[in-house]
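Trainee: Sequence first, predicted coordinates after that:
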Amino acid sequence: MERVYNFSAGPSMLPLEVLQRAQSELVSYGTSGMSVMEMSHRSKDYEAIIQTAEADLRTLMAIPDSYTVLFLQGGASLQFDMIPMNLMTGSKKADFVVTGQWAKRAVEEALKFGTANVVASSADKVFNYIPDLDSKTFSKDADYFHITLNNTIYGTRFTKLPEVGNIPLVADMSSSILAEQVDITKFGLLYAGAQKNLGPAGVTVVIIRNDLIGHEPENTPSMLSYAIHAKDKSMFNTPPTYAIYVMGLVFKWMLERGGVAVMQKINEKKAAILYNYLDNSKLFRGTVAKKDRSLMNIPFVLPTEELNEKFIKLAKQAGFVNLKGHRTVGGMRASIYNAMPVEGVHALVDFMDKFEGREFEK
Ligand SMILES: *Cc1c(COP(=O)(O)O)cnc(C)c1O
């Protein structure tokens, strides 16, 4: 069967070259005579896999030695708890910008450990913009300041980081890691579930400034302590070995293409193709404030629910799948992560244009 254009928000498409490489090595990896799935995580072969993955991520994101890279489990969702457990240990207060469901979840979990101060929210307009921030509302003594860098469901992103001074900035970058360049040194902690832009579900990347490690209370469960995972180099227990291996292949794929700067250019080009079309269409409409538009997740709507449904159905028949928007937004959402080629976006826009033409002929 032919592959479709998969616009899923996550788990999402992977580069074909990566899948084919994994396929070619599936049964026997290198000279090991076994699959990566069957290997001891303490073996020489696997050590090389995980160490290379970390080194390649450090290269891609220019991560300085003053930061530790962890490959954990539990998804971004477990980070909603691990972050307050490990970082909410001074004033037990943290500031949050609520720009969507994931940000809300981060607040709800943090409330179990301390005070979560919401400094701004865009809930009033179904999160279709990034709210302006007033530093006067920030807690002077917060243990950290949390944002969701790219809002997967609503299709917004921070194009400018909040000015938080010495307070560690913590960012959920699940749906934008490696999509555009970021200055790691502006952050105290960054985290991302892999299944949007990095690889298969099962591994979560945490990048944490070294001085933020080791402040958790003594009764913190070992599996939830950054210090323990850092000390054991993500090998305190069995890591998600195969997911890390495939993620490592994605890192190599990106490096071969010139790294994040090159991916960013391509991502900007892909997003512009779709946004330009939406801005000029008489039928389709983007739902997000222009200044805050995501490069990765692009929600859009047709004038009626019937047309949305019709479009999604016809698109699926034509090989454009997973375009249905999140239930809280409705309409459509095209997630165009790094693995989506420019041709995929061109093909989608051509299809939308034909759909629009046919509707107007009636
Ligand atoms: C998908 C997503 C999450 C949840 O990730 P899980 O790995 O399912 O826990 C959290 N934050 C953002 C921004 C996401 O896109």
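Mentor: The structure has been received and is ready for your questions. Numbering: from 1, shown residues only.
Trainee: for stretch 201-214, how far is the first residue from the last?
Mentor: 27 Å (Cα to Cα, to the nearest Å).
Trainee: before we move on, what about stretch 108-124?
Mentor: 18 Å.
Trainee: Report the buried residues of it.
Mentor: For stretch 108-124, burial by neighbour count (16 or more other Cβ atoms under 10 Å) applies to 109-110, 113-114, 116-117, 119-122. The C-beta positions use only the backbone N, C-alpha and C, and glycine is treated the same way.
Trainee: Tell me the gap between that stretch and the middle of its chain.
Mentor: 20 Å (Cα atoms, centre = their mean, to the nearest Å).
Trainee: So for it, mean pLDDT?
Mentor: Averaged over stretch 108-124, pLDDT sits at 98.
Trainee: cool, stretch 24-32 as well?
Mentor: 97.
Trainee: quick revisit: just curious, which of the buried residues of stretch 108-124 is nearest to residue 188?
Mentor: Nearest to residue 188 among these is residue 110, at 14.7 Å by Cβ to Cβ.
Trainee: if we can go back for a sec, list the ones among the buried residues of stretch 108-124 that fall in strands.
Mentor: Among the buried residues of stretch 108-124, the members falling in strands (DSSP state E) are 116-117, 119-121.
Trainee: Please enumerate the strands of the stretch 251-362 of the chain.
Mentor: For the stretch 251-362 of the chain, the strands defined by DSSP state E, counting those that start in this stretch occupy 285-286, 297-301, 320-321, 332-335.
Trainee: The ligand is nearest to which of these?
Mentor: For the strands of the stretch 251-362 of the chain, proximity to the ligand was assessed by Cβ to the nearest ligand atom; strand 297-301 is nearest, at 8.3 Å.
Trainee: picking up where we left off before, list just the nearest of the buried residues of stretch 108-124 to the ligand.
Mentor: Nearest to the ligand among the buried residues of stretch 108-124, counting by Cβ to the nearest ligand atom, is residue 109 at 11.1 Å.
Trainee: From residue 121, how far off is that closest one?
Mentor: Relative to residue 121, residue 109 is positioned 17 Å away (Cβ to Cβ, to the nearest Å).
Trainee: So which residues on the protein come close to the ligand?
Mentor: Counting by Cβ under 6 Å from any ligand atom, the chain comes close to the ligand at 10, 75-77, 102, 148, 152, 172, 174-175, 193, 196.
Trainee: Can you lay out the residues you listed as JSON lines showing pLDDT, distance to residue 243 and neighbour count?
Mentor: Below are the residues of the chain next to the ligand laid out as JSON lines (pLDDT from 0 to 100; distance: Cβ to Cβ, whole Å; neighbours: other Cβ atoms under 10 Å):
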{"residue": "10", "pLDDT": "96", "distance to residue 243": "13", "neighbour count": "18"}
{"residue": "75", "pLDDT": "98", "distance to residue 243": "11", "neighbour count": "18"}
{"residue": "76", "pLDDT": "98", "distance to residue 243": "14", "neighbour count": "24"}
{"residue": "77", "pLDDT": "98", "distance to residue 243": "16", "neighbour count": "15"}
{"residue": "102", "pLDDT": "98", "distance to residue 243": "20", "neighbour count": "21"}
{"residue": "148", "pLDDT": "98", "distance to residue 243": "23", "neighbour count": "31"}
{"residue": "152", "pLDDT": "98", "distance to residue 243": "19", "neighbour count": "27"}
{"residue": "172", "pLDDT": "98", "distance to residue 243": "19", "neighbour count": "29"}
{"residue": "174", "pLDDT": "98", "distance to residue 243": "14", "neighbour count": "27"}
{"residue": "175", "pLDDT": "98", "distance to residue 243": "17", "neighbour count": "30"}
{"residue": "193", "pLDDT": "98", "distance to residue 243": "10", "neighbour count": "29"}
{"residue": "196", "pLDDT": "98", "distance to residue 243": "13", "neighbour count": "28"}
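Trainee: Just the ones of the residues you listed in helices?
Mentor: Secondary structure assignment by DSSP state H places 75-77, 102 of those in helices.
Trainee: Could you identify the most distant pair in the ones in strands among the buried residues of stretch 108-124?
Mentor: Greatest spatial distance among these (Cβ to Cβ): 116 and 120, at 13.1 Å.
Trainee: Hmm, residue 125 and residue 100 touching each other?
Mentor: No - contact criterion Cβ atoms under 8 Å: residue 100 and residue 125 do not qualify, at 11.6 Å.
Trainee: Between the two, which has more neighbouring residues?
Mentor: Neighbours were counted for residue 100 and for residue 125 using other Cβ atoms under 10 Å; residue 100 has more, 28 against 12.
Trainee: Count the neighbours of the spatially closest residue to that one that is not a sequence neighbour for me.
Mentor: With Cβ to Cβ, 6 or more residues apart in numbering as the criterion, residue 100 has its nearest non-adjacent residue at 4.0 Å, and that residue is residue 151. With neighbours defined by other Cβ under 10 Å, the count for residue 151 comes to 29.
Trainee: quick check: domain ranges of this structure?
Mentor: Under the assignment automatic domain parsing, the domains of the chain span 16-256, 259-359.
Trainee: Of all the strands of the stretch 251-362 of the chain, which one comes closest to residue 347?
Mentor: strand 320-321 (7.4 Å).
Trainee: Counting by contacts, list what that closest one packs against.
Mentor: With contacts defined as 3 or more Cβ pairs under 8 Å, 6 or more residues apart in numbering; DSSP states H and E, strand 320-321 has these neighbours: strand 5-6, helix 342-361.
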